[in-house]
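Participant: I'll drop the sequence and a predicted model, then ask my questions.
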2 protein chains.
Amino acid sequence: MSQPFLDIPAELTPQLAPVQAMLEEGLTRVEQRFDEHLASDLLPVERLCGHIERYRGKMLRPSLVMLCGLACGDTVIYDEHVTLAAVCEMVHMATLVHDDVLDEAENRRRGRTVNHLYGNEAAVILGDYLIAAAYHLCTTVDSLDAARLIGEVSMTLCGGELLQLHYRDDFSLDEPTYFAILERKTAALIGVSCRLGAQLAGAEEGTQAALETFGRRLGVAFQIQDDLIDLTGSEAAAGKSVGKDLEKGKLTLPVLLHLGAIEPEERGGFLDRLGKAGRGEAGAREVAAGLRDDLVESGAVEAARAKANGLVGEARGWLAGLAETPAREMLDLMAAAVVGREF
Amino acid sequence: MSQPFLDIPAELTPQLAPVQAMLEEGLTRVEQRFDEHLASDLLPVERLCGHIERYRGKMLRPSLVMLCGLACGDTVIYDEHVTLAAVCEMVHMATLVHDDVLDEAENRRRGRTVNHLYGNEAAVILGDYLIAAAYHLCTTVDSLDAARLIGEVSMTLCGGELLQLHYRDDFSLDEPTYFAILERKTAALIGVSCRLGAQLAGAEEGTQAALETFGRRLGVAFQIQDDLIDLTGSEAAAGKSVGKDLEKGKLTLPVLLHLGAIEPEERGGFLDRLGKAGRGEAGAREVAAGLRDDLVESGAVEAARAKANGLVGEARGWLAGLAETPAREMLDLMAAAVVGREF
């Protein structure tokens, strides 16, 4: 079952209740479309696809496809929106499955990963199956433009993954490259989700582009928030292990901001400790804890939080050209929720 | 550089020379389209894509797309055929890259594999990049039908991979399941290559279906021939290590036919030896050599060869409805070449 991070108490915002109900019903249809399209007469395929149902999380991308359609004048959630929403989630899911292989991750969303349970081979092929299913599902909508966008954004996404891999364990990674990776790996698909929703609703190019930018900014903020949750969040709230990034010696935004703020002669020492934490040697956890304290004390954590807030503000600005509708307000609240969330 | 397995001496078949020249020129255009579409401004992407250029082999799928177009009445090779030919090759290439990860292969086509040179992570993402590029390239042709076929066949392909993985090291695999895997993993894409060529040329559904079946039968024969080359071929002629299947304890058609032909009480002993060969224990190579001798002596190798020849005959039969053109004759010769080749 999915767990949308945007759950507005109906009594607080009565004018949003109808659109929220529509969105909830839409998400149920997305889940159905998702499962139906993965169904196979091959038992090994069924078993693996059954497993990833529990990967479903915040359904950010499907929610954006559908809300952007509504924000562009649609009065109901059409079937095509449901389909493309499922497509965007499927592309995302494929990247999660392959990411877990690359990261040798054992857990995801309170469950075991496919690679951990069934091996890397099965996880590689399952990811391929998901991406193939996403493309195929996409062609059931009568829009070559949509298929083109999905193909293109998938290339962008893989480019981001390769760039990230290239800089793994490379402490020369700088802030612009960090953002270049984020833009490709995370923001692009979230932006395309918004554009697709608008495009299907017949919005003009300017509106499509504005909503795509809204989604991209939101996507970057989302990833920064993920980094912050890993750094300072609690395992109970996050529903997954935290503190992993430092233990992997990963260069996240707080680390990059810290490195930019300290004296040049201190960099070497900090990076040595990060390397030590990342190699998982004896005492690595204590080293990681020390690094975290440094990041908080130097203000790097606060600076990263400010960056995420700034991006969310920018994102919300891109909604200004839309008519004032409950759907637009929902998008606005979602943007705010991205940096407010603890999971 | 590619090495098409069909190279007809021009003096022998003067009437085929023009279509062969057209095909060669077409393949050059396919290679260009392929490389152009993978081009990226990201250096790590460029480097990896540059590496797989040397994976190019027989260009079977692109040749079929283009020849089927010509056999259905086209008089030149149109740009759309070149594009879809490149798409089919790209899908195929993606599966090769991921297959090498699954098989932990070190060599392919006289060179090192991506996983061996750059690691499994890079190979997983490169395969994803190739498949994304294939879908994106596909949408540059104004045909949702083509995009749908490519998406669908990719799902089929992954289903075949998962089925194969499910039966790995499982000696209960029987002949029908072996063919079910082959149909999905190899034959489906070759069949779709033929259908796409015919479809783009405006052929009617009956002709498209006949050519798809031609391709599917050819695909199965092609894979059986691959198994035979691995079993009885020479490394020099094949251009790759041979004898690998037995050393991996893989159940190929000759093995399955052998198991079907021997007395039930002999099965256990044979499978024990196959398991021993597959586990790479001391003396495994000698065990594999003994198994090979058994397969030859029992007639299983000959029976597999007969099966491949029968499939090629069936394939050629599906060409009967086409007008008698040099392109049709080329398809016919290609079919014959599939079982004649040693590499």
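Facilitator: Received it, and whenever you're ready, just let me know what you need. Residues are numbered from 1 along each chain as shown, chains lettered A, B, ... in the order given.
Participant: Could you check how many residues crowd around A:G275?
Facilitator: The local packing of A:G275 (other CB atoms under 10 Å in any protein chain shown) involves 14 other residues. The C-beta positions use only the backbone N, C-alpha and C, and glycine is treated the same way.
Participant: scratch that, A:G290 is what I was asking about
Facilitator: A:G290 - counted by other CB under 10 Å - has 14 other residues nearby.
Participant: show me what contacts it?
Facilitator: For A:G290, the contact set (CB atoms under 8 Å, 6 or more residues apart in numbering or on different chains) comprises A:R273.
Participant: Can you tell me how far it is from A:K276?
Facilitator: 10 Å (CB to CB, to the nearest Å).
Participant: Ok, A:H98 next?
Facilitator: Taking CB to CB, one finds A:H98 at 29 Å from A:K276.
Participant: more neighbours, these two?
Facilitator: A:H98 (26 against 18).
Participant: check whether the strand or helix carrying A:G197 contacts chain B.
Facilitator: If you go by DSSP states H and E, A:G197 is part of helix A:188-200. No: figure legend: helix A:188-200 not in contact with chain B (CB under 8 Å from any CB of the partner chain); closest approach 11.5 Å.
Participant: which secondary structure elements does that helix contact?
Facilitator: helix A:60-71, helix A:79-103, helix A:144-166, helix A:205-232 (3 or more CB pairs under 8 Å, 6 or more residues apart in numbering or on different chains; DSSP states H and E).
Participant: a markdown table please, covering those and showing distance to A:E342 and mean pLDDT.
Facilitator: Formatted as a markdown table, these follow (distance: least, CB to CB, whole Å; pLDDT from 0 to 100):
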| stretch | distance to A:E342 | mean pLDDT |
| --- | --- | --- |
| helix A:60-71 | 16 | 98 |
| helix A:79-103 | 20 | 94 |
| helix A:144-166 | 25 | 95 |
| helix A:205-232 | 6 | 95 |
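Participant: Which of these has the highest mean neighbour count?
Facilitator: helix A:60-71 (a mean of 29; mean count of other CB atoms under 10 Å in any protein chain shown).
Participant: Can you spell out which helices and strands pack onto that one?
Facilitator: On the basis of 3+ CB pairs under 8 Å, 6+ apart, helix A:60-71 makes packing contacts with helix A:17-38, helix A:79-103, helix A:188-200, helix A:205-232, helix A:326-340.
Participant: In CSV, could you pull the C-alpha coordinates for that helix?
Facilitator: What follows is helix A:60-71, C-alpha atoms only, in CSV (Å, rounded to 0.1, in the frame of the first residue of the first chain):
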residue,chain,number,x,y,z
LEU,A,60,4.9,11.7,-5.9
ARG,A,61,5.2,11.3,-9.7
PRO,A,62,1.7,9.9,-10.3
SER,A,63,0.2,12.5,-8.0
LEU,A,64,1.9,15.3,-10.0
VAL,A,65,0.8,13.9,-13.3
MET,A,66,-2.8,13.9,-12.2
LEU,A,67,-2.8,17.2,-10.2
CYS,A,68,-1.1,19.0,-13.1
GLY,A,69,-3.9,17.8,-15.4
LEU,A,70,-6.5,19.1,-13.0
ALA,A,71,-4.6,22.3,-12.5
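Participant: So which helix or strand of chain A has the lowest pLDDT on average?
Facilitator: helix A:235-238 (a mean of 72; mean pLDDT, DSSP states H and E).
Participant: circling back to that earlier point, out of the helices and strands packed on helix A:60-71, nearest to B:E266?
Facilitator: helix A:79-103 (40.8 Å; CB to CB).
Participant: the inter-axis angle of that closest one versus helix A:17-38?
Facilitator: Between helix A:79-103 and helix A:17-38, the angle comes out at 60 degrees (axes from the mean of the first three to the mean of the last three CA atoms, to 10 degrees).
Participant: got the residues of the stretch 151-300 of chain A near chain B?
Facilitator: So the stretch 151-300 of chain A meets chain B at A:151-152, A:154-155, A:157-159, A:161-163, A:165-166 (CB under 8 Å from any CB).
Participant: Which one of these is nearest to B:I131?
Facilitator: A:S154 (7.9 Å).
Participant: what helix or strand is the residue nearest to A:M93 when sequence neighbours are not counted on?
Facilitator: Distances taken as CB to CB, 6 or more residues apart in numbering or on different chains place A:L130 nearest to A:M93, at 5.4 Å, with adjacent residues excluded. Using DSSP H and E, A:L130 sits in helix A:120-138.
Participant: if we can go back for a sec, go through the least confident helix or strand of chain A and flag the buried ones.
Facilitator: Buried positions in helix A:235-238, judged by neighbour count with 16 or more other CB atoms under 10 Å in any protein chain shown: none.
Participant: next helix or strand past it?
Facilitator: With DSSP H and E, the next secondary element past helix A:235-238 is helix A:244-247.
Participant: for that following helix, which positions count as buried?
Facilitator: Buried residues in helix A:244-247, counted by 16+ other CB under 10 Å: A:245-247.
Participant: how big is the angle separating whichever helix or strand comes after that helix from helix A:205-232?
Facilitator: Scanning forward in sequence from helix A:244-247 by DSSP H and E, the next helix or strand is helix A:253-261. Angle, helix A:253-261 to helix A:205-232, by the same axes, to 10 degrees: 80 degrees.
Participant: Name the residues that touch helix A:253-261?
Facilitator: A:173-175, A:178, A:224, A:227-228, A:231, A:246, A:267, A:270-271, A:274, A:291, A:294-295, A:298-301, A:303-304, A:307.
Participant: Distance from that helix to the middle of the chain?
Facilitator: 22 Å (CA atoms, centre = their mean, to the nearest Å).
Participant: Put the alpha carbons of stretch A:166-174 into CSV.
Facilitator: This file holds the C-alpha atoms of stretch A:166-174, laid out as CSV (Å, rounded to 0.1, in the frame of the first residue of the first chain):
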residue,chain,number,x,y,z
HIS,A,166,31.9,8.2,-12.3
TYR,A,167,32.2,10.4,-9.2
ARG,A,168,31.7,7.7,-6.6
ASP,A,169,34.5,7.7,-4.1
ASP,A,170,35.9,10.8,-5.9
PHE,A,171,36.2,13.6,-3.4
SER,A,172,36.8,16.1,-6.2
LEU,A,173,33.0,16.2,-6.8
ASP,A,174,31.9,19.9,-6.5
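Participant: List of residues touching it?
Facilitator: A:177, A:181, A:249, A:251, A:256, A:271, A:274-275, A:278, B:43-44.
Participant: Look up phi and psi at A:L173.
Facilitator: phi -50, psi 130 (degrees, to the nearest 10).
Participant: burial count for it?
Facilitator: Residues near A:L173, counting by other CB under 10 Å: 20.
Participant: Model confidence for it, exactly?
Facilitator: Note for A:L173: predicted pLDDT of 89.
Participant: Can you list the low-confidence ranges for the stretch 1-150 of chain A?
Facilitator: Within the stretch 1-150 of chain A, the stretches with pLDDT under 70 are A:1-12, A:110.
Participant: quick one: contacts for A:V45?
Facilitator: Here A:V45 is in contact with A:38, A:129, B:158-159, B:162-163 (CB under 8 Å, 6+ apart).
Participant: Distance check, A:L251 against A:E24.
Facilitator: Distance from A:L251 to A:E24, by CB to CB: 38 Å.
Participant: Likewise for A:G268?
Facilitator: A:G268 is 52 Å from A:E24, by CB to CB.
Participant: List the contacts of the closest residue to A:H51 other than its chain neighbours.
Facilitator: Using CB to CB, 6+ apart and skipping residues adjacent in sequence, the residue nearest A:H51 is A:V114, 6.0 Å away. The contact partners of A:V114, by CB under 8 Å, 6+ apart, come to A:48, A:51-52, A:97, A:100, A:122-123, A:126.
Participant: and of those, the nearest to chain B?
Facilitator: A:A122 (6.0 Å; CB to the nearest CB).
Participant: Could you identify the helix or strand that succeeds the one helix or strand A:R285 maps to?
Facilitator: Here A:R285 is covered by helix A:284-297, with elements defined by DSSP H and E. Following helix A:284-297 in sequence order, the next helix or strand is helix A:300-317 (DSSP H and E).
Participant: Which positions in that following helix come out as buried?
Facilitator: A:300-301, A:303-305, A:307-309, A:311-312, A:314-316.
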